[in-house]
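*Asks:* Next comes the sequence, and after it the predicted model I'd like to discuss.
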Amino acid sequence: MKHSFSACLLAMLLTACGGAPPPADWKLNAVSLLEHSQQRWLEGDGKSADLTMDQARKEIAKSGRVDLLARAELAACAARIASLDFATCSSFDELKTDAGLADKTYARFLAADWNGLDIKNLPTHYASLIDAKDDASANKAVAEIKDPLPRLIGAALLFKSGRADPATLATAIDTASEQGWRRPLLVWLEVLYKRALTSNDTAAATLIQRRIDLVQGTAKVH
């Protein structure tokens, strides 16, 4: 199953309108490798994700298109944000001068810099989130995003700004769980666990810890 941001962000690589020839091998390879890299990252296999991302970079380098390499770096950073990793996307920043307007806009979105953001330059599934007039509307907009990775990214950005409500936390956990995305699932469960401890809800904390142990492989399942 392919739910990755790269499939959307790199759609132009695969465009073959009308009687145009099919996409070149490097384009097909780049998109496939990016999707594989994101999947490995989300599943918790960082080493494999990094190796595959390096291969994707080499495929894109064959074109001499720095703007597309910038786009690929942005796709990699997006997957990390879904796991609440808000580190600066330095790999994109180094190539920002060559990036297109849509990618620069998306980079601002990922950095939670939404002031004056032109939604016409963003993936359409984020339009309602950017247009939301209040926190309730923003959380509802995230829940209505159909694709799992963009949904997780939206939830992460609301969490970063302190606007994510309990339903959004549950949505993020359910999304990661359904996809088998171990890395974001653990991170979001840890958030919920800490909140349960803070509110002295030991019963909930115990249940959440059991889920964490299972995902980490430390649970006694026999």
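*Replies:* Alright, I've got the coordinates.
*Asks:* which helices and strands does the host helix or strand of Q55 pack with?
*Replies:* Here Q55 sits within helix 46-61, counting by DSSP states H and E. Where contact means 3 or more C-beta pairs under 8 Å, 6 or more residues apart in numbering; DSSP states H and E, helix 46-61 is packed against helix 25-42, helix 66-82. For glycine as for every other residue, the C-beta is placed from the backbone atoms N, C-alpha and C.
*Asks:* Please name the nearest non-neighbouring residue to the spatially most central residue of the chain.
*Replies:* The centre of the chain sits closest to A79, judged by C-alpha atoms, centre = their mean, with a distance of 3.3 Å. Nearest residue to A79 in three dimensions, chain neighbours excluded: Q38, at 4.5 Å (C-beta to C-beta, 6 or more residues apart in numbering).
*Asks:* Tell me the pLDDT of that neighbour.
*Replies:* Note on Q38: pLDDT of 93.
*Asks:* Next one: it from T97, what distance?
*Replies:* Look at Q38 and T97: by C-beta to C-beta, to the nearest Å, they are 25 Å apart.
*Asks:* re the thing from before, so for the helix holding Q55, what gets flagged as buried?
*Replies:* For helix 46-61, a neighbour-count test (16 or more other C-beta atoms under 10 Å) marks A49, T52, M53, Q55, A56, R57, E59, I60 as buried.
*Asks:* for stretch 182-193, same thing?
*Replies:* In stretch 182-193, counting by 16+ other C-beta under 10 Å, buried: R182, R183, P184, L185, L186, V187, W188, L189, V191, L192, Y193.
*Asks:* Which stretches in this structure count as strands?
*Replies:* Assigned by DSSP state E, the chain shows no strands.
*Asks:* which regions of it lie under the pLDDT threshold?
*Replies:* Flagging of the chain using pLDDT under 70 yields the residue ranges 1-20, 219-222.
*Asks:* which stretches of it form helices?
*Replies:* Here the chain has its helices, by DSSP state H, at 5-9, 25-42, 46-61, 66-82, 90-93, 101-110, 127-131, 135-143, 148-160, 166-179, 182-198, 202-216.
*Asks:* As CSV, could you dump the C-alpha coordinates of the fourth one?
*Replies:* Okay, so that is helix 66-82. Written as CSV, here are the backbone C-alpha positions of helix 66-82 (Å, rounded to 0.1, in the frame of the first residue of the first chain):
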residue,chain,number,x,y,z
VAL,A,66,18.3,20.2,-7.8
ASP,A,67,14.7,21.3,-7.4
LEU,A,68,13.6,17.6,-7.4
LEU,A,69,16.3,16.7,-4.9
ALA,A,70,15.0,19.4,-2.6
ARG,A,71,11.5,18.0,-3.0
ALA,A,72,12.7,14.5,-2.1
GLU,A,73,14.5,15.8,1.0
LEU,A,74,11.3,17.5,2.0
ALA,A,75,9.4,14.3,1.7
ALA,A,76,11.9,12.6,4.0
CYS,A,77,11.5,15.3,6.6
ALA,A,78,7.7,15.0,6.4
ALA,A,79,7.8,11.4,7.5
ARG,A,80,9.9,12.4,10.5
ILE,A,81,7.4,15.0,11.5
ALA,A,82,4.7,12.4,11.6
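*Asks:* Now do it: everything it contacts.
*Replies:* Defining contact as C-beta atoms under 8 Å, 6 or more residues apart in numbering, one finds that helix 66-82 is touched by 4-6, 9-10, 13, 30, 34, 37-38, 41-42, 53, 56-57, 60-61, 87, 89, 91-92, 95-96, 98-100, 103, 106-107, 110, 149, 152-153, 156-157, 181, 184.
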